[in-house]
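S.K.: Fold the following and give me the result.
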Amino acid sequence: MTLPRWTHIALQVADIEASIAFYAAHTPLELLDQREDANGFGAWLGHREQAEAPFILVLAQFFPGKGPYGDLPSRIGPFGHLGIELESRAAVDAAAASAEASGCLQAPAVDLPPPIGYVCMVNDPDGNTIEFSHNQGVYDFFERRA
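M.R.: Numbers count the residues shown, from 1 in each chain. Next up is the predicted model:
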């Protein structure tokens, strides 16, 4: 490692199996690792093909009384969110439809002013907000800077 860099976001969850199932069904993240220790359960989700610049979602379910900040799950939202950029408007529409069918759609897909783009908002089992977007330009921004 030559520079400090982003590596993960960690969420304390109430039911790790439900959270893993949610993220596997509703996001492009896949389960990379899962474990148990004296404090509870842990899981890493991410993209296997991003080995050169990994960024993972860490899920932790602590046994009662073992959580470092109490037993309640952490929560990101309503504006704070995990952002996932998708390849097309149709993919955002599909994410919204899947979330609506599962009862976890927070806000339907809408066009917002640049650089936000086309987005929908979804809630995970613990109430964390996930934004699915298209055309935010994050990758384009970095390609222009290269």
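S.K.: in the sheet, who's paired with the most centrally placed residue in the chain?
M.R.: Among the residues of the chain, the smallest C-alpha distance to the mean C-alpha position (Cα atoms, centre = their mean) belongs to L82, namely 4.8 Å. Bridge pairing for L82 (DSSP bridges) gives the partners I130.
S.K.: From I56, how far off is it?
M.R.: If you measure L82 against I56 using Cβ to Cβ, to the nearest Å, the figure is 12 Å. Where C-beta positions appear, they are placed from N, C-alpha and C, glycine not excepted.
S.K.: again, but for V119
M.R.: For V119, the distance to I56 equals 23 Å [Cβ to Cβ].
S.K.: out of these two, which sits in the busier spot?
M.R.: For V119 and I56, the more surrounded residue by other Cβ atoms under 10 Å is V119, and the numbers stand at 24 against 19.
S.K.: Q50 versus that one, what's the distance?
M.R.: Following Cβ to Cβ, the distance that separates V119 from Q50 is 22 Å.
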